[in-house]
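**Student:** A predicted structure for the sequence below; I have some questions about it.
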There are 2 protein chains.
Amino acid sequence: MSRIIGDMPAYTYGTASVGASPVTLEELEQLKVSVGFTADDERYLRRAGEVLEGQTQTIVAHWRSGIIASIPNLARHSRTPEGEPLPKYLAQSNLRFEQWILDTCLRPYDRDWLNYQQEIALRHTSVKKNQADGVVSTPYVPFRDIVAFTAVLNATIKPYLANGGDPSEEIDAMHRAWCRSLQLQIALWSRLYMDLARTKNEW
Amino acid sequence: MSRIIGDMPAYTYGTASVGASPVTLEELEQLKVSVGFTADDERYLRRAGEVLEGQTQTIVAHWRSGIIASIPNLARHSRTPEGEPLPKYLAQSNLRFEQWILDTCLRPYDRDWLNYQQEIALRHTSVKKNQADGVVSTPYVPFRDIVAFTAVLNATIKPYLANGGDPSEEIDAMHRAWCRSLQLQIALWSRLYMDLARTKNEW
């Protein structure tokens, strides 16, 4: 079911280099219940993945160039500490951003997925940010900005979900499934930020 | 602009008993930008408040009796540690839950609002949960469940927003404004949970 968009530096999903998430599969199941995520949502996400597959480049360009680039507070995380562009870093992380869209829609939410959630979270904190691409940029993305920007991802994905020509109720259902998944992912990522906050608060 | 639904125990909005939030107004403004919250959203939330005002009791009953009550992992936070009902606690916190809907829509997001966000967050952690109502229940609501359940609040509010008979594009805009506000609130609440995680992780 999964699809890989192409050759991506540092995309390590399902490989031995990805460490274990401290979250248990039981906790994941409980979170799915709290978020209202059911087998229907899985099915709608599969359809969303089909619809979005040919649009990921456009969507990520929309997010990065159309929105993030004009918000200095967010754009700085893909730049040098002096604010200079890092085109290679941006290009590589954009490819992984595209793949994340597909993984959100098409991957089974199993142990590999859970572990990679932790890996993605690590790459937003001072534990691992910049390492995968060997760059010098901001040391971490504050957790609050990840939470906040999720609202933008949710609001802007909808028209792309509609491009498959599905009936409007189905598009709404695909969108609800997407929003549920993102909230689930934020809940998982928050585990790392809170563990880290014991010594280093990256709120 | 604000409206109070009635006499509510421990609703202390804007009073001297509410402590200061550690979040600055500048950080709040930055978060609004990250979440994509504009003056249009404020306007749509005002309209949402008008539409929801007569429905808050029904909505909270839907959330509490219709959803939370059937999820043991969430329902336990309004019960005794042994799982017995606490009807007075539930009734009082339901009234505040209703008022929170109105405050989300109708209050200006200023220093008082910011401080009360911190107060609400405190009442979900071991610092203050149960105190306002003088009950013995679970010591805290895990942060991950708040994040997760936000997806349910967002998905289920939509039909109520539609009950005002506004054009569907306006209902969509009201809903986007609501979702942005909730994400903003989660980002604010996360500050307390992360500060607290230095000594006590309530993920």
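**Tutor:** Sure thing, it's come through.

**Student:** wait, A:Cys179 touches A:Ala151, no?
**Tutor:** No. Using Cβ atoms under 8 Å, A:Cys179 is not in contact with A:Ala151, being 9.5 Å away. Where you see a C-beta, it was placed from the backbone N, CA and C, and this is true even at glycine.

**Student:** quick check: neighbours shared by those two?
**Tutor:** Contact with both A:Cys179 and A:Ala151 is made by residues B:Cys179, according to Cβ atoms under 8 Å, 6 or more residues apart in numbering or on different chains.

**Student:** can you report how many residues lie near A:Tyr193?
**Tutor:** Using other Cβ atoms under 10 Å in any protein chain shown as the criterion, A:Tyr193 is surrounded by 28 other residues.

**Student:** list the residues that contact it.
**Tutor:** With Cβ under 8 Å, 6+ apart, A:Tyr193 has these contacts: A:Ala121, A:Thr125, A:Phe143, A:Glu202, A:Trp203, B:Ser190, B:Met194.

**Student:** ok, the one residue sitting closest to the centre of chain A to A:Ile157 distance?
**Tutor:** Centroid-nearest residue in chain A: A:Trp100, 5.3 Å away (criterion: Cα atoms, centre = their mean). For A:Trp100, the distance to A:Ile157 equals 12 Å [Cβ to Cβ, to the nearest Å].

**Student:** cool, A:Ala121 as well?
**Tutor:** A:Ala121 sits 21 Å away from A:Ile157, going by Cβ to Cβ.

**Student:** just the element for A:Thr150, please.
**Tutor:** Using DSSP states H and E, A:Thr150 maps to helix A:143-162.

**Student:** and that helix, how far out from the chain middle?
**Tutor:** Put simply, helix A:143-162 sits 10 Å off its chain's centre (Cα atoms, centre = their mean, to the nearest Å).

**Student:** again, but for stretch A:111-125
**Tutor:** Taking Cα atoms, centre = their mean, one finds stretch A:111-125 lying 10 Å from the centre of the chain it belongs to.

**Student:** quick check, that stretch touching chain B?
**Tutor:** No. Against chain B, stretch A:111-125 shows no contacts by Cβ under 8 Å from any Cβ of the partner chain, the least distance being 11.9 Å.

**Student:** so for that stretch, mean pLDDT?
**Tutor:** Per-residue pLDDT values over stretch A:111-125 give a mean of 98.

**Student:** pLDDT below threshold where in chain A?
**Tutor:** Along chain A, the parts satisfying pLDDT under 70 run over A:1.

**Student:** what about 80?
**Tutor:** By pLDDT under 80, the low-scoring segments of chain A are A:1-2.

**Student:** where exactly do the helices run in it?
**Tutor:** A:25-35, A:39-52, A:56-61, A:72-75, A:87-106, A:111-122, A:143-162, A:168-196 (DSSP state H).

**Student:** any idea which of those gets closest to B:Asn115?
**Tutor:** helix A:143-162 (17.2 Å; Cβ to Cβ).

**Student:** residues contacting the residue located most distally from the centre of chain A?
**Tutor:** Each residue of chain A has a distance to the centre, and by Cα atoms, centre = their mean the biggest one is for A:Pro167: 26.6 Å. By Cβ under 8 Å, 6+ apart, the contact list for A:Pro167 is empty.

**Student:** and the gap between it and A:Gly49?
**Tutor:** Distance of A:Pro167 to A:Gly49, given as Cβ to Cβ: 18 Å.

**Student:** export the helix holding A:Thr150 as PDB, just CAs?
**Tutor:** The C-alpha coordinates for helix A:143-162 follow below in PDB (Å, rounded to 0.1, in the frame of the first residue of the first chain):
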ATOM      1  CA  PHE A 143       6.700  22.500  20.000                       C
ATOM      2  CA  ARG A 144       4.100  25.200  20.100                       C
ATOM      3  CA  ASP A 145       4.800  26.100  16.400                       C
ATOM      4  CA  ILE A 146       4.300  22.500  15.300                       C
ATOM      5  CA  VAL A 147       1.000  22.400  17.100                       C
ATOM      6  CA  ALA A 148       0.000  25.800  15.700                       C
ATOM      7  CA  PHE A 149       1.000  25.100  12.100                       C
ATOM      8  CA  THR A 150      -1.000  21.900  12.100                       C
ATOM      9  CA  ALA A 151      -4.100  24.100  11.800                       C
ATOM     10  CA  VAL A 152      -2.700  25.500   8.600                       C
ATOM     11  CA  LEU A 153      -1.900  22.000   7.200                       C
ATOM     12  CA  ASN A 154      -5.400  21.000   8.000                       C
ATOM     13  CA  ALA A 155      -7.100  24.000   6.500                       C
ATOM     14  CA  THR A 156      -5.000  24.000   3.300                       C
ATOM     15  CA  ILE A 157      -5.100  20.300   2.400                       C
ATOM     16  CA  LYS A 158      -8.900  20.300   1.800                       C
ATOM     17  CA  PRO A 159      -8.900  21.700  -1.700                       C
ATOM     18  CA  TYR A 160      -6.300  19.200  -2.800                       C
ATOM     19  CA  LEU A 161      -8.400  16.400  -1.300                       C
ATOM     20  CA  ALA A 162     -11.300  17.700  -3.400                       C
END
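
**Student:** mind listing what's buried in that helix?
**Tutor:** Judged by neighbour count using 16 or more other Cβ atoms under 10 Å in any protein chain shown, the buried positions of helix A:143-162 are A:143-158, A:160-162.

**Student:** near chain B, which of these show up?
**Tutor:** A:Phe143, A:Arg144, A:Asp145, A:Val147, A:Ala148, A:Phe149, A:Thr150, A:Ala151, A:Val152, A:Asn154, A:Ala155.

**Student:** and of these, the nearest to B:Ser93?
**Tutor:** After measuring those against B:Ser93 - Cβ to Cβ - the closest member comes out as A:Val147, at 23.9 Å.
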